[in-house]
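Peer 1: mind looking at a prediction? Sequence and model below.
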Amino acid sequence: MKIEHARRPLAVALLAVLLTALMLMAFMVRPASAETNTGATTASITSGVKITKVLYNPDGNELYAPNGEKVSIKNVSRRTKNLQGVVLSDDDGHAYRLPYYNLSAGSTVVVRSGSGERRYGVLYAGWNTAVWNNTGDVARLKASSGTLIDRCTWGSSSGTTAYC
Ligand SMILES: [Ca+2]
Ligand SMILES: [Ca+2]
């Protein structure tokens, strides 16, 4: 009898722990799936990010090594911004629709012109050619609605990098 009495509180405690764990899992899973669902259908962000830098003339020949070209996009707001649906483009018809990517406040992500496996801090536009003209160009960030979020321009005498 004594053993049975001792076991029951333990069983209750274990059940309580299990239930708490299940509730926590449900709580953690729900916002993530909701974000995924709405991310595909809702409009993209329209503000809070800036093009801070364009390395348009990297070392080497970017026609053959386009990943040398890099555009830095920074979250200048105070909250995390998801970049999904935002479009990075130039004036020659190159446009890259950014994927689901949470950019935390103050952080920067780099978009390279070639292909590669995306990781935190680096995305690949997949253009696989030189896109940012060394003789002057404009990089634009637009919302999915077409609204201009930011742009960075440079001329032929700017060297290798535009800071905006
Ligand atoms: Ca270039
Ligand atoms: Ca161009």
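Peer 2: Looks like it arrived, so ask away. Numbering: from 1, shown residues only. Ligands and ions are numbered 1, 2, ... in the order given.
Peer 1: got the residues of the protein near ligand 2?
Peer 2: The chain has residues 90, 92, 133, 137 near ligand 2, with proximity defined as C-beta under 5 Å from the ion. Any C-beta I mention is one placed from the backbone N, CA and C, and that applies to glycine too.
Peer 1: contacts only, for the third one.
Peer 2: Contact analysis of residue 133 by C-beta atoms under 8 Å, 6 or more residues apart in numbering lists 56, 90, 92.
Peer 1: hmm, 10 Å instead?
Peer 2: When the contact criterion is C-beta atoms under 10 Å, 6 or more residues apart in numbering, the partners of residue 133 are 56-57, 90-92, 154, 156.
Peer 1: with the second one instead?
Peer 2: Listed by C-beta under 10 Å, 6+ apart, the contact partners of residue 92 are 131-133, 137.
Peer 1: how about these in a markdown table, adding secondary structure, distance to residue 112 and pLDDT?
Peer 2: Below are the contacts of residue 92 laid out as a markdown table (DSSP: H, G, I helix; E, B strand; the rest coil; distance: C-beta to C-beta, whole Å; pLDDT from 0 to 100):
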| residue | secondary structure | distance to residue 112 | pLDDT |
| --- | --- | --- | --- |
| 131 | coil | 10 | 98 |
| 132 | coil | 11 | 98 |
| 133 | coil | 16 | 96 |
| 137 | strand | 16 | 97 |
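Peer 1: nearest to residue 147 among the residues you listed?
Peer 2: Distance from residue 147 was checked for each of the contacts of residue 92 by C-beta to C-beta. The minimum falls on residue 137, at 20.9 Å.
Peer 1: looking at the contacts of residue 133, state which has the most neighbours.
Peer 2: Among the contacts of residue 133, the one with the most neighbours (other C-beta atoms under 10 Å) is residue 56, at 28 neighbours.
Peer 1: is it true that that one touches residue 134?
Peer 2: Yes - using C-beta atoms under 10 Å, residue 56 makes contact with residue 134 at a distance of 5.9 Å.
Peer 1: quickly list what's touching both of those two.
Peer 2: Both residue 56 and residue 134 are contacted by 62, 69, 154, 158-160, under the criterion C-beta under 10 Å, 6+ apart.
Peer 1: for those, which one is nearest residue 51?
Peer 2: Using C-beta to C-beta, residue 154 is the member of the shared contacts of residue 56 and residue 134 that lies nearest residue 51, at 11.0 Å.
Peer 1: which residues does that closest one form beta bridges with?
Peer 2: When bridges are assigned using DSSP bridges, the partners listed for residue 154 are residue 137.
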